[in-house]
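K.L.:
what shape does this take:
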Amino acid sequence: MSATMTACWRAEDATAIISNEALEGHEGIFLATHSPIADFEVSGSHGGEIEGRDETALLDVLADGTRRHAFCVVQGEPGSGKSHLIRWLSIKWPRNDDVKLLLQRADGSLEGALRQMRERLPLEFQDLFDNMGRRHRATDRGRANLLLSNLANGLHPDHFDPPLEDVEWCRTFLPGELIDLPVIKRHWQGPSRILGLMEGKGDGEGAERNSQSASFNVFDIEELAGHCGAVFNSGVKGPTERLARRLIEEAGHIAELRESRWTADEIAAEQGEKIPTTVKLVAALNRRRNDAVQNLLGVSAEGLKTLFRQIRVALAERGQRLVLLLEDITSWEGIDDSLIDVLVTNAETRGADGTSDMCPLISVVGVTPGYYKKLHGNYRARITHEINLGAAQQDGELQDVATLRNGGNRVRFVSRYLSAVRAGPDSLDQWRDELRQDRNAAPPNRCDHCQVKERCHATFGDDSGIGLFPFTETALDHFFEALNDNDNGMTWKTPRGVLQAVLSPNLLQVRAINDGQFPTVLTENAALVAESRNLGRRATIVLTNRLSEHPAEFARTRRIISYWGDKERADTVADGSGELHFAGVPKSLFDALGLPWVGDEEGPASTQPVGPARPVVNPLATSQEHISEAAAQVRSTTTRAILTQKAPTQTRIPQPPSAKRLIGKSDLQSRLDEIRIWESTGEAQNPSVYNMAVFEILSEIDPRRVGLDPYSKRRILTEQQVKIEGTGHSQRSYLTVPRAEWLWRGLEAVVSLQLDTTMSVNDVVFHRHSLAVLTTRLESLLSEFADRRLGMVEGSLWSPVPLITQILVARAWFRGTVNPNAPHYAQLQGILSDEPPNESDPATRCAPWQEFLNRTRAHHSTLRDALRAMISMPQGASSSFGLADVSKVAGAIKRLRQTQRFDEPPSESGETGVSEFDAIKDIAFHFKHSIGHIARFERQQLESRATSLQELLRGRTVEAHLARIDAAITSVTGLLPRANPESVSAWKGELSKAKVRIEEKAGQTVEDFMLLVAEHRDAGAGLRLEELTLAPSRDLGIFLDAAKMGEQATSQLLGHVKDCISDGRGSFSLAQVHEAGRAVSQILSDHGARNG
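P.N.:
Numbering: from 1, shown residues only. Below is the predicted model of the structure:
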């Protein structure tokens, strides 16, 4: 084992070199650490003059001796390098007669900015500042109350002349009266916050301003609304009460957004339509802020303009230009609009003849994107050169930093600081002196003469001969990736963020490095997202097994693998030179930092570059349990697609725009982070994504492994019913997946196997095992879920297939389309085919028979389609090709035919939640799980009708009997046309229907059926089910109705004939009497003894 390496720098030198502000160090430090700023975006009215996209091209244009005016704006997030670029312009500005003023942020206050300006102007101008920038003699609370009073006065609709654009709104709601109330003055902190920012203070105690805008925002109004309860019934006017009520209502929505990490600017821009009154009040306050605050600052707008005019007039007389380099415009808030008026004033445009009494002004101003968005349009139009150091992916997001997009640029940026820290301030002072004599003098690099250079550079790497110790190129990438890009609306992925959160915490650990205790907990500071600290589960297991008794070494090794290595791997491989690497970290690095080697003593040669892959995060663990081969093979492309898709938008409180990552992790890396955060904290970031992923894995489990058919599984298990524990209310209809280790392991496995296609065989086996465990556990949960949803019968899962089959086949029997005695294949074909027309008229059947057909009519097509899907066994990807599992169908048909009873569903399972399953249970229950009573009623009805018809026929055929009745009726009606015409007409109608059926040979069918009934009656038996279903019920009814109507008509006509005979003596001829007698004789003959 090689000796532990020691630090080649001092902690105090690191503190001196890595300044929080670009302007704090001396020129030697600045130039030694300066990384060229390039790749920025250029625009503005004269932006085309800048031929390149680098700092030198910008300097050449601005410093051109012939230039008479420039208003250049450098835009970037806090810490993005605005100050650095402006400082570089100052150092590199040509030495000429220009009066150059570099005004740094200093304490962030206007007073500090004026002080710098006074100190850096020639002595003859200092007396111009005697009466400027003097603070009002009052306490902080007193000054805040004065500001509030000034704002209240300014909100009065008659205060300004000419009136401001929102005067009518102020007249409608009287906001001035609201904020001038004593209770508001006592409690509202908004004005104090504004004044604090103008004095260079941050929001928190001891915090710096950091380019924050001293403007009222929606959070100030939310706080104001919290004090508005005292307004009601306090004597204020009605409009003011209405204003207070609206602010209180809108404050609730603002609070919800704030808790979801929305910034005030994001809420105003994206949710303004939901808080219109708040937005109006914010705008009204900010519109009056400068006027209200100027007497408190001791500087007026006119005073500032007069100051600059006097300076420019004096310099014009000398033939000099004024060059103003302002690091941060927010330091001038309160009079910033007046300052911009000064900066945009082109002296040459003031004189009609092109001459001016003021000197040319070249200004460069640093602004944040937030400030730039609020800049008036007329000011933007007068920007001559606009430099944007970064870009947002879309409106509302934070900007990145162009110079840090490339990993190579980040390495060069860090290496310059490492070299400067090792050299120290004194050596850099000497180099600055040499540089004045020799423009090509290189900054000092202690690596050039270091005795351990070869070992150090081989282990940690270098950039142009500058060693990266204690970092590596991989570590710098991982640290940058881990920087929080949305810390309350601020990104750490800036040059300042790299210095403060990466270099400073690690380079200050000199003692820890020398004592073999590096890296300590200081490495994992708050600017790094928490998920960056989590190792992959297999790596965690390895470290636990080997270092569980050494917690300090465990923590150090975990940090090294998290940032210097590949946290998702836990394999030992050998590189091309034979050196071993564990989780992407070479053994030599373990030795250099005094860490115990946790890898194997030998490893296979790597076929891929040994360097770690990009980081993805989370822990895993092994478990031993039986895993089916089928379960181990579940691989869902749909699941992968779900885990790589963008997170769905929340419906109620959406994700803030700035929450989107600037330099985005891959979607898979983000998923790993989310899984691990969820496991460790219980907080789910995108639960719907993982519920959907679990659902897709469940969907791929073979349903027959849990006793289901494909259709039943699909119907009881929907996407909305799968919930990971804690993501929804617990309900009987939900399949709830517990938040157990096997769940996290399995989800990680799905992601990891896609994320890293070059992982070792051992890692692949580990993740596949985890995925198999997940699938097996989900299979067990699915089985329990099916038991709960469908219920149990005699200790087994109830299958709806038999009952659906029985209901469909009973319907087919009752409709006469399938013979109950037909072979199974014919019955199955009949119920799975489209339903043909009725063969047996249901209207002539008994009431229960008709009710069964009516109740099942609406469900037939659904049940038929369901049964088709339930018994299908598709081969390959085609759902319409394959085999059918008819085992449950054939048995169900046989049982129903033998017992005339339906298979009973679970008695206490309740509703299944599947409409067709609940429908068949209701149908079966309604008919008491049997068709026996239906058959009994139908048998009685058919036998009664057949017997009645047989008696009426008196041994004749249907056709002969009806013909004889018709002949008699015709004869009588010919003689007695007025005799009972209604009955005769009814008879003719029934006879007409009967003749149609007789022509179809239905008479013979009915006669055969009557003989069958008679035979069964003589034998003491009843009609069987198949005989009932095939009975000519309709024709039997038609003929019976006709026969009954004939009996009725002849009986009524007989009465008329008798009356005619008794009443016709002396009124009729002898021939008529004889004719009527013959007709009566015929009728009497037909009716036999009953008319004797």
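K.L.:
end-to-end on stretch 127-147?
P.N.:
The first residue of stretch 127-147 is 29 Å away from its last residue (Cα to Cα, to the nearest Å).
K.L.:
compute the number of surrounding residues for R901.
P.N.:
Number of residues near R901 (other Cβ atoms under 10 Å) recorded here: 16. C-beta here means a position set from N, CA and C on the backbone, and glycine is covered the same way.
K.L.:
any chance you could map the strands in the stretch 701-850 of the chain?
P.N.:
With DSSP state E, counting those that start in this stretch as the criterion, the stretch 701-850 of the chain has strands at 722-724, 735-737, 792-793, 796-797.
K.L.:
deepest in the core, which of those strands is it.
P.N.:
Among the strands of the stretch 701-850 of the chain, the stretch with the highest mean neighbour count (mean count of other Cβ atoms under 10 Å) is strand 722-724, at a mean of 23.
K.L.:
sheet-wise, list the partners of that strand with their directions.
P.N.:
Here strand 722-724 is paired, per DSSP bridges, with strand 735-737 (parallel).
K.L.:
what residues of stretch 906-919 count as buried?
P.N.:
Under the neighbour-count criterion of 16 or more other Cβ atoms under 10 Å, stretch 906-919 has P906, S909, T912, G913, V914, E916, F917, A919 buried.
K.L.:
for these, which one is nearest D448?
P.N.:
Of all those, D448 sits closest to G913, with 76.6 Å by Cβ to Cβ.
K.L.:
okay, the closest residue to G932 other than its chain neighbours: pLDDT?
P.N.:
Leaving out its chain neighbours, the residue that sits closest to G932 by Cβ to Cβ, 6 or more residues apart in numbering is Q900, at 4.1 Å. Per-residue pLDDT puts Q900 at 94.
K.L.:
now swap in the one 3 residues further on and tell me
P.N.:
In the prediction, the pLDDT value recorded for D903 is 93.
K.L.:
give me the residues contacting the strand or helix carrying R258.
P.N.:
Per DSSP states H and E: R258 is located in helix 238-259. Applying Cβ atoms under 8 Å, 6 or more residues apart in numbering, the contact partners of helix 238-259 are 172-175, 177-178, 218-219, 221-222, 224-226, 228-229, 231-232, 266-267, 271, 274-278, 281, 653, 656.
K.L.:
in strands, which of these fall?
P.N.:
Using DSSP state E, no member of the contacts of helix 238-259 falls in strands.
K.L.:
narrow these to those that are buried.
P.N.:
Among these, those classed as buried by 16+ other Cβ under 10 Å are 173-175, 177-178, 218-219, 221-222, 224-225, 228, 231, 266-267, 271, 275, 277-278, 281, 656.
K.L.:
which parts of the stretch 351-500 of the chain are strands?
P.N.:
Secondary structure of the stretch 351-500 of the chain by DSSP E, counting those that start in this stretch: the strands cover 361-367, 385-388, 462-463, 466-467.
K.L.:
got these as JSON lines, with distance to S971 columns?
P.N.:
Listed next are these as JSON lines, based on distance: least, Cβ to Cβ, whole Å:
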{"stretch": "strand 361-367", "distance to S971": "118"}
{"stretch": "strand 385-388", "distance to S971": "114"}
{"stretch": "strand 462-463", "distance to S971": "128"}
{"stretch": "strand 466-467", "distance to S971": "132"}
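K.L.:
of all the ones you listed, which lies closest to I716?
P.N.:
So among these, strand 385-388 is nearest, using Cβ to Cβ, at 56.1 Å.
K.L.:
can you list the strands that that closest one pairs with?
P.N.:
Sheet pairing of strand 385-388 (DSSP bridges) gives strand 41-43 (antiparallel), strand 69-75 (parallel).
K.L.:
most tightly packed of those strands?
P.N.:
Mean neighbour count, computed with mean count of other Cβ under 10 Å, is highest for strand 69-75 among the strands paired with strand 385-388, reaching a mean of 24.
K.L.:
and the contacts of that one?
P.N.:
Outside strand 69-75, the residues that touch it by Cβ under 8 Å, 6+ apart are 44, 46, 58, 61-62, 82, 85-86, 343-344, 346-348, 360-369, 372, 382-389.
K.L.:
and stretch 121-128, end to end?
P.N.:
Terminal residues of stretch 121-128 are spaced 11 Å apart (Cα to Cα).
K.L.:
again but with stretch 833-841, I slipped
P.N.:
End-to-end distance of stretch 833-841 (Cα to Cα): 20 Å.
K.L.:
mind splitting the protein into its structural domains?
P.N.:
By the assignment in automatic domain parsing, the chain contains the domains 41-134+298-389, 140-295, 629-651+662-793, 798-930, 934-1091.
K.L.:
dump these into CSV; add distance to L435 as well.
P.N.:
Listed next are the domains of the chain as CSV, based on distance: least, Cβ to Cβ, whole Å:
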stretch, distance to L435
domain 41-134+298-389, 11
domain 140-295, 31
domain 629-651+662-793, 34
domain 798-930, 73
domain 934-1091, 108
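K.L.:
among the ones you listed, which is nearest R405?
P.N.:
Evaluated with Cβ to Cβ, these place domain 629-651+662-793 nearest to R405, the distance being 6.9 Å.
K.L.:
average pLDDT for stretch 264-278?
P.N.:
In this model, stretch 264-278 carries a mean pLDDT of 91.
K.L.:
ok, now stretch 702-721?
P.N.:
Across stretch 702-721, the average pLDDT comes to 91.
K.L.:
repeat that for stretch 333-345.
P.N.:
For stretch 333-345, the mean per-residue pLDDT is 83.
K.L.:
same question for stretch 853-865.
P.N.:
The model assigns stretch 853-865 a mean pLDDT of 93.
K.L.:
try stretch 771-779
P.N.:
95.
K.L.:
again with stretch 870-879
P.N.:
Stretch 870-879 comes out at a mean pLDDT of 69.
K.L.:
and the helices in the stretch 851-1000 of the chain, which stretches?
P.N.:
Under the criterion DSSP state H, counting those that start in this stretch, the stretch 851-1000 of the chain contains helices at 860-871, 887-899, 915-926, 932-953, 958-975, 981-999.
K.L.:
as CSV, those helices with distance to S464 would be great.
P.N.:
Below are the helices of the stretch 851-1000 of the chain laid out as CSV (distance: least, Cβ to Cβ, whole Å):
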stretch, distance to S464
helix 860-871, 68
helix 887-899, 77
helix 915-926, 73
helix 932-953, 95
helix 958-975, 115
helix 981-999, 108
